[in-house]
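Colleague: pasting the sequence and the predicted model now:
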Amino acid sequence: MEKPQIDYPCRWQYTVVGENENALREILLLACTPAEVAIQFSHRSASGKYVSLKAEVTVASEEERNSIFRQIQDNSEVRYVL
């Protein structure tokens, strides 16, 4: 499968799932700094245990996009990041 062509800079969206909404917001803010990030609530699981947030940020390069992803993914508060 061929890798898609992405023209940078571009807006990129991450969806993050975890148990603590406030912790997830802080993780997203720190991972995206110094860029400005728009974070919005997305969904709460039926049991109420998990919450998902969407974060949109402008990334300048593939390296920056992947670095933000890794910083989010490496945090123990994060169950999944898409």
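Modeller: Yes, it's here.
Colleague: and the most centrally placed residue in the chain, how far from Glu62?
Modeller: Against the mean C-alpha coordinate of the chain, by CA atoms, centre = their mean, the closest residue is Tyr14 at 3.4 Å. Remark: distance between Tyr14 and Glu62 (CB to CB, to the nearest Å) = 14 Å. Glycine gets a C-beta too; all of them are placed from N, C-alpha and C.
Colleague: thinking again about what came up before, quick check, pLDDT for the residue nearest to the centre of the chain.
Modeller: Tyr14 is assigned 98 on the pLDDT scale.
Colleague: now the one 4 residues further on
Modeller: The predicted structure scores Gly18 at 98 on the pLDDT scale.
Colleague: what is the burial count for it?
Modeller: By other CB atoms under 10 Å, 21 other residues sit near Gly18.
Colleague: for it, list each beta-bridge partner.
Modeller: With DSSP bridges as the criterion, Gly18 is bridged to Val51, Val78.
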